[in-house]
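S.K.: Have a look; sequence and predicted model below, questions after that.
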Amino acid sequence: MKMLKVKSLFVNYGAVEALKNISLHIKEKEFVALIGSNGAGKTSLLNAIMGIVKPKDGEVIFNDKNITGFPPERKVKEKIALVLEGRRVFANMTVLENIEVGAFTSDNKNFIKRLKFIYDIFPVLKERSWQPAGMLSGGEQQMLAIARALISEPKLLLMDEPSMGLAPLVIKDVYEKLLILKETGLTIFLVEQNAAAALKYADRGYVLENGKIVLQGKSKELLEDNEIKRAYLGKEYKEKWER
Ligand SMILES: Nc1ncnc2c1ncn2[C@@H]1O[C@H](COP(=O)(O)OP(=O)(O)O)[C@@H](O)[C@H]1O
Ligand SMILES: [Mg+2]
């Protein structure tokens with residue numbers, strides 16, 4: 001079943017046309033990546049899906065319900081959560097307090113159960129629950145940002161460049177957690193400049209250039225596409241990821 005459908009979506013900032021007629025879909029329990037270089041419109045797309053940015057035209061359909069105009073809190077109630085670009089954990093608050101922030105907009109009755117689920121997947125967050133988030137490494141902060149999104153029990157997790165600023169081995173750790181989350185039934189849609197990482201783990205991918213989707217397919221097929229290799233994978237690709 002198609003869980004998320006984006007239909008002919010347009011986003012403008014004044015005269016800047018950031019997204020031009022974007023259509024895509026995510027099936028339940030799929031892990032889909034959208035790749036694109038800096039300025040392609042990746043964040044605009046997630047923000048439009050989440051209701052942070054208002055689309056000029058087009059529709060966002062979630063489980064057959066038109067949720068286009070819904071503000072972010074209502075999207076959370078519909079079981080969609082977004083992990084923002086750059087993680088943005090609250091450095092002076094503890095790990096646990098950061099997770100509690102994510103529970104703020106959702107109904108709290110499952111908090112303890114949910115926290116246990118999160119700590120089982122990210123034991124490092126349990127070990128460090130009383131430490132200020134600012135003391136965590138970049139990879140741990142990314143896991144905390146994911147945990148903060150997961151506490152609202154999303155069915156669809158949106159992520160904005162989870163690999164940004166992280167070393168390859170840490171990126172691998174983060175993506176392996178995403179595969180575990182997928183196994184628990186979570187549907188994942190992420191956007192990345194790091195095509196090599198994203199396409200290694202995702203089932204399917206879209207390529208966004210200048211606000212338009214120019215290519216889509218199974219991750220394996222995209223990784224073999226010469227144009228993608230040239231434009232997004234670069235020469236280090238083989239060294240880092242193809243082993
Ligand atoms: N708040 C904004 N005001 C004006 N232009 C913006 C704003 N946010 C993004 N843009 C422009 O929209 C385009 C897409 O940006 P963005 O969605 O952030 O791309 P990406 O996340 O792929 O780097 C870029 O040209 C960017 O400069
Ligand atoms: Mg961005």
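M.R.: Everything's here; your move. This is a predicted model, so every value here is computed, not measured. Ligands and ions are numbered 1, 2, ... in the order given.

S.K.: Quick check: longest helix in the chain by residues?
M.R.: helix 168-183 (DSSP state H).

S.K.: What is that helix packed up against?
M.R.: strand 31-35, helix 111-121, helix 138-150, strand 187-192, helix 195-201 (3 or more Cβ pairs under 8 Å, 6 or more residues apart in numbering; DSSP states H and E). Bear in mind the C-beta positions are built from the backbone N, C-alpha and C, glycine included.

S.K.: Make JSON lines from these and add distance to L223 and mean pLDDT to it.
M.R.: Listed next are the helices and strands packed on helix 168-183 as JSON lines, based on distance: least, Cβ to Cβ, whole Å; pLDDT from 0 to 100:
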{"stretch": "strand 31-35", "distance to L223": "11", "mean pLDDT": "98"}
{"stretch": "helix 111-121", "distance to L223": "27", "mean pLDDT": "94"}
{"stretch": "helix 138-150", "distance to L223": "23", "mean pLDDT": "96"}
{"stretch": "strand 187-192", "distance to L223": "13", "mean pLDDT": "98"}
{"stretch": "helix 195-201", "distance to L223": "5", "mean pLDDT": "95"}
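
S.K.: closest one to ligand 2 among those?
M.R.: The closest of the helices and strands packed on helix 168-183 to ligand 2 is strand 187-192. By Cβ to the ion, the value is 7.0 Å.

S.K.: Just confirm yes or no for the closest one near ligand 2.
M.R.: No - with Cβ under 5 Å from the ion as the criterion, ligand 2 is not reached by strand 187-192; the gap is at least 7.0 Å.

S.K.: Ligand 1: which of the helices and strands packed on helix 168-183 is closest?
M.R.: Between ligand 1 and the helices and strands packed on helix 168-183, the shortest gap by Cβ to the nearest ligand atom is with strand 187-192, which sits at 6.9 Å.

S.K.: May I have that closest one exported as PDB, CA atoms only?
M.R.: Provided in PDB are the C-alpha atoms of strand 187-192 (Å, rounded to 0.1, in the frame of the first residue of the first chain):
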ATOM      1  CA  THR A 187       8.600   3.400   7.000                       C
ATOM      2  CA  ILE A 188      11.600   5.700   6.300                       C
ATOM      3  CA  PHE A 189      12.000   8.500   3.800                       C
ATOM      4  CA  LEU A 190      15.300  10.400   3.900                       C
ATOM      5  CA  VAL A 191      17.100  12.900   1.800                       C
ATOM      6  CA  GLU A 192      20.800  13.000   1.400                       C
END
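
S.K.: Can you report how many residues neighbour F104?
M.R.: 12 (other Cβ atoms under 10 Å).

S.K.: actually F31, not the one I typed
M.R.: 23.

S.K.: likewise Q131?
M.R.: 14.

S.K.: if I pick it, what's in contact with it?
M.R.: When contacts are counted by Cβ atoms under 8 Å, 6 or more residues apart in numbering, Q131 touches 94-95.

S.K.: at 10 Å instead, please
M.R.: Going by Cβ atoms under 10 Å, 6 or more residues apart in numbering, Q131 touches 94-96, 125, 140.

S.K.: likewise F31?
M.R.: Counting by Cβ under 10 Å, 6+ apart, F31 has contacts 157, 175, 178-179, 181-182, 186-190, 198, 201-205, 219.

S.K.: 7 Å instead?
M.R.: F31 is in contact with 178, 182, 188, 201-203, counting by Cβ atoms under 7 Å, 6 or more residues apart in numbering.

S.K.: Give me the phi and psi for G39.
M.R.: G39 adopts backbone torsions of phi 90, psi 0, taken as degrees, to the nearest 10.

S.K.: Could you measure from it over to R87?
M.R.: 20 Å (Cβ to Cβ, to the nearest Å).

S.K.: rewinding a little: any residues touching the longest helix of the chain, and which ones?
M.R.: 29, 31, 121-122, 138-139, 142-143, 162-163, 166, 188, 197, 201, 240.

S.K.: Thanks a lot, see you next time.
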